[in-house]
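S.K.: The following comprises the amino acid sequence and a computationally predicted model.
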Amino acid sequence: MADVPMKLIINCETGEQTLEPHTEEEIAQMEAEAAEAAIRLAERTAEEAAKAEAKASALAKLQLLGLTEEEAIALIP
Amino acid sequence: MATSFKALATATLTSTATSITFSSIPQTYTHLWVMGQVGTTYTTGCYMYVRPNNVSTNTYDYQLIYVNTGGITQQSNSDTDKSLGLVELITSTGNSAFTGFEIVYPLYKSGLGNNVWIYNGNTQRTATSNDNRGVWGTASNAETTAITSLVFSLQYGASFDTGTKITLYGLD
């Protein structure tokens, strides 16, 4: 049997600390959010890769026009 | 300089846990400050989430402005991107290393216009990798709901390791 995920709760008013298992509902929510996060992260990674590729292409084209690398970089945010 | 500064609570794990919640945060200070050292039992890269009030319906939910060497390149403080609010605190360190972090919640009480600052003490900004710093509740996307609880969690399947310690301070 897999370990039951535990949560630590600290009451800032009383100082009481309790360690208790997550409910089934909480676990289901965590699973759903993890799936969503994985999708978003993959999308973000792909978007960043596309941006980096476009930037590299632009830099290369500017250098073909006679700009130095430093000058080309200065033109592209 | 703060005229009042108090440690409100400290969570120190003597056994593993998947989340750490600071509840019933007193509304008697002006700012909140969180300092932590976090380890995980996860043996590959791992992200930590911070969710004020444990809500998933407003701009507090997993929000993060994503920053790299070129400046702010992605701002995730919209509902559609809420799951992007990842704070990469632990990077393939396994359970032997701890990551330091700091979060400041200026003006955390209702109606004061909250802003958040996160600093990841482990990841340094480099020419090729992204830094992990964030704010949310910006002028264009303000969040003014009072923060009454903070929930720290890791990506699904990971646990905070024994020895993890997070302290919440109140400042005036």
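M.R.: Great, that's in hand. Note that this is a predicted model, so its numbers are computed, not measured.
S.K.: Just to be sure, B:Gly100 is in a strand?
M.R.: Yes - B:Gly100: assigned to a strand according to DSSP: H, G, I helix; E, B strand; the rest coil.
S.K.: partner residues bridging it?
M.R.: With DSSP bridges as the criterion, B:Gly100 is bridged to B:Gln37.
S.K.: and it, how many residues sit next to it?
M.R.: 13 (other CB atoms under 10 Å in any protein chain shown). To be clear about C-beta, it is placed using only N, CA and C from the backbone, and glycine gets the same treatment.
S.K.: One more: B:Tyr29?
M.R.: 20.
S.K.: just the one 4 residues further on next, same as before
M.R.: Applying other CB under 10 Å, we find 21 residues neighbouring B:Trp33.
S.K.: B:Thr3 contacts B:Thr30, doesn't it?
M.R.: No - under the criterion of CB atoms under 8 Å, B:Thr3 is not in contact with B:Thr30, lying 9.6 Å apart.
S.K.: list the contacts for the closest residue to chain A within chain B?
M.R.: The nearest approach of chain B to chain A comes at B:Tyr156, 3.3 Å away (CB to the nearest CB). Shown in contact with B:Tyr156 (CB atoms under 8 Å, 6 or more residues apart in numbering or on different chains): A:Met30, A:Glu31, A:Glu33, A:Ala34.
S.K.: If any of those are buried, give me the ChimeraX selection for them.
M.R.: Buried residues among these (16 or more other CB atoms under 10 Å in any protein chain shown), as a ChimeraX selection:
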select /A:30,33
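S.K.: Just put the contacts of B:Tyr156 in JSON lines and tack on distance to B:Phe22.
M.R.: Listed next are the contacts of B:Tyr156 as JSON lines, based on distance: CB to CB, whole Å:
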{"residue": "A:Met30", "distance to B:Phe22": "19"}
{"residue": "A:Glu31", "distance to B:Phe22": "24"}
{"residue": "A:Glu33", "distance to B:Phe22": "20"}
{"residue": "A:Ala34", "distance to B:Phe22": "22"}
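S.K.: just the contacts of B:Tyr156 that are near chain B?
M.R.: Among the contacts of B:Tyr156, the residues within reach of chain B (CB under 8 Å from any CB of the partner chain) are A:Met30, A:Glu31, A:Glu33, A:Ala34.
S.K.: Could you find which two of those residues are furthest from each other?
M.R.: Farthest-apart pair in those is A:Glu31 and A:Glu33; separation 7.4 Å (CB to CB).
S.K.: pLDDT score for the residue lying farthest from the centre of chain A?
M.R.: Here chain A reaches farthest from its C-alpha mean at A:Gly66, the gap being 37.6 Å by CA atoms, centre = their mean. A:Gly66 is assigned 93 on the pLDDT scale.
S.K.: hmm, which helix or strand of chain B has the shakiest average pLDDT?
M.R.: Within chain B, no helix or strand scores below strand B:65-68, which has a mean of 35 by mean pLDDT, DSSP states H and E.
S.K.: Same check on chain A?
M.R.: Lowest on mean pLDDT, DSSP H and E among the helices and strands of chain A sits helix A:24-64, with a mean of 83.
S.K.: what packs against that helix?
M.R.: Contacts defined by 3 or more CB pairs under 8 Å, 6 or more residues apart in numbering or on different chains; DSSP states H and E place helix A:24-64 against helix A:69-75.
S.K.: Okay, buried residues for the helix it packs on please.
M.R.: A:Ala72.
S.K.: and that helix, average pLDDT?
M.R.: pLDDT averaged over helix A:69-75 gives 87.
S.K.: and what of stretch A:5-16?
M.R.: The average pLDDT within stretch A:5-16 is 94.
S.K.: where does the spatially closest residue to A:Thr14 that is not a sequence neighbour land on pLDDT?
M.R.: By the measure of CB to CB, 6 or more residues apart in numbering or on different chains, the closest residue to A:Thr14 outside its immediate chain neighbours is B:Ser24, 7.4 Å from it. We have a pLDDT of 96 for B:Ser24.
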